[in-house]
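> Using only what follows, build the 3D model:
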Amino acid sequence: METSYASEASARPRASRIRSEAEALKIARNLAADFAGTASERDSSRCLPFKELDRLSNSGLLAITVPREFGGLQVSNAVLAEVTAILSEADSSIGQIPQNHFYILEALRTDGNEDQQCTFFMEALAGRRFANALSERGTKTVGHYNARIRRDENGYRLNGKKYYSTGVIFADWIAVFALNEKNQLTMSFVPKEAEGIAIYDDWDGFGQRTTGSGTTVFDNVFVDPSRVVPHYRGFERPSTIGSVGQIIQAAIDLGIARAAFADVVDFVRHKARPWIDSGVERASQDPLTIVRSGQLAIRLEAATALLEHAGRKVDVAQTVPSQENVVDASLAVAAAKVLTTEIAIEAADTLFELAGTSAVKAELNLDRHWRNARTHTLHDPVRWKYHAVGNYHLNGVIPPRNGSL
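As a prediction, this is how the structure comes out:
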């Protein structure tokens with residue numbers, strides 16, 4: 001079903017300006033505290049978080065990666081990841097929605113010209129939201145595209161059909177990825193209300209249910225030439241486009257893991273019963289439960305540390321984008337993505353292992369953690385992260401330059 005979602009950006013108050021990384025983290029925690037209370041209900045009823053996204057926009061958090069020379073805070077990637085994890089622990093759908101927003105800003109920083117950067121970084125500072133139209137069905141791989149952008153007498157025309165357009169329903173601007181006449185991948189900024197765009201609220205995945213990841217169709221949509229970014233250039237040379245996108249994905253999984261572990265602790269402490277052979281009064285005193293909880297806590301701590309470590313590597317690569325630095329960042333982010341993927345699924349599964357049969361009651365909706373973890377971690381296969389890391393160390397093969405590394 002096609003749904004009309006006209007942009008209401010002009011009616012929203014201008015976003016606040018965040019002055020420090022500490023302030024960004026504090027704002028994220030305050031928003032998360034509010035979002036968490038209704039996250040389960042939104043998931044159960046598939047209620048899209050329009051009001052929550054407006055609050056997120058107005059808070060200034062969506063502009064924290066804007067470079068300093070354009071008036072932004074330019075937070076470290078470790079802070080960007082932690083902000084994402086905080087929001088994702090509260091509601092992983094809300095944590096995921098801005099992932100493409102920040103990817104787009106990084107691609108703009110890397111490949112946009114000065115006028116494009118000035119225009120769209122100012123839009124981000126004002127609280128405008130960017131969503132992607134990237135993934136397609138029916139292509140040979142996820143790295144192939146049928147969408148096309150062609151010149152006409154006044155500019156360009158865009159045609160194509162995109163699936164899994166995360167956040168497009170909430171967007172002010174859509175970044176559309178399409179091939180030009182030379183089969184080079186471009187990124188075009190198009191206002192959501194542009195003529196020829198149809199948005200379908202048809203995402204029916206069993207997890208991440210409120211990300212607004214529907215289908216977007218572009219039928220001869222006009223694109224101003226000044227809004228077309230040569231995205232392919234970011235992969236012709238060493239860049240941090242992929243590692244920035246991936247560190248945010250890893251942070252979403254870390255947030256899901258934290259949320260699941262918090263429910264493990266709460267349920268075992270207050271609701272679960274000890275096993276009959278344990279000889280203890282409370283489930284929290286069961287030695288096997290204690291050990292399993294300790295294992296999760298340690299792996300969560302390791303994932304958090306590795307994500308922060310990877311963020312520092314990405315900072316270095318952004319400052320000096322040499323091949324050595326970019327490879328170093330890519331490998332560190334790949335390692336973090338592997339560990340956060342595994343701990344998200346493990347924590348969500350262990351919740352039921354330790355909590356017991358009563359935890360499966362539908363009214364508790366605790367299965368949302370597993371559903372969200374299993375769904376989000378499918379974005380790219382971690383088995384290829386292992387391959388990239390191993391192939392580099394064993395054979396000196398540089399990781400491929402794409403948005404997944």
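> so where is the chain shaky, pLDDT-wise?
1-11 (pLDDT under 70).
> looking at the chain, which residue ends up farthest from its center?
Residue distances from the centre of the chain (CA atoms, centre = their mean) peak at Gly279, which lies 44.7 Å from the mean C-alpha position.
> Could you check how far that residue is from Leu62?
53 Å (CB to CB, to the nearest Å). Every residue, glycine included, has its C-beta placed from N, CA and C.
> I figured Phe267 was touching Thr350, is that so?
No. Between Phe267 and Thr350 there is no contact under CB atoms under 8 Å: 11.0 Å.
> looking at this, the residue farthest from the centre of the chain is in a strand?
No. With DSSP: H, G, I helix; E, B strand; the rest coil as the criterion, Gly279 is coil rather than part of a strand.
> Which residue ranges of the protein form helices?
21-45, 50-59, 77-90, 92-96, 99-111, 114-125, 241-270, 287-319, 323-355, 367-376, 383-395 (DSSP state H).
> List the contacts of the fourth one.
The set of residues that contact helix 92-96 without belonging to it, under CB atoms under 8 Å, 6 or more residues apart in numbering, is 35, 39, 42-43, 49, 52-53, 56, 84-85, 87-89, 166-167, 208-211, 251-252, 255-256, 259, 372, 376.
> change it to 6 Å
For helix 92-96, contacts defined as CB atoms under 6 Å, 6 or more residues apart in numbering pick out 35, 49, 52, 84, 87-88, 208, 210-211, 252, 255-256, 372.
> With the first one instead?
Contacting residues not belonging to helix 21-45 are listed as 18, 52, 59, 64, 75, 79, 83, 86-87, 90-91, 94, 209-210, 365, 368 [CB under 6 Å, 6+ apart].
> so which of those residues would you say is closest to Tyr392?
Nearest to Tyr392 among these, counting by CB to CB, is Val79 at 27.2 Å.
> What about that closest one, how many residues nearby?
The number of residues packed around Val79, counting by other CB atoms under 10 Å, is 21.
> Next: the one 10 residues further on.
The local packing of Glu89 (other CB under 10 Å) involves 25 other residues.
> List the buried residues of stretch 369-383.
By 16 or more other CB atoms under 10 Å, the buried positions in stretch 369-383 come out as His369, Trp370, Arg371, Asn372, Ala373, Arg374, Thr375, His376, Thr377, His379, Asp380, Val382.
> What of stretch 109-124?
Going by neighbour count (16+ other CB under 10 Å), the buried part of stretch 109-124 is Arg109, Thr110, Asp111, Gly112, Gln116, Gln117, Phe120, Phe121, Glu123, Ala124.
> gap between the spatially most central residue of the chain and Ala260?
In the chain, the centroid-proximal residue (CA atoms, centre = their mean) is Gln99; its distance is 3.1 Å. Distance of Gln99 to Ala260, given as CB to CB: 20 Å.
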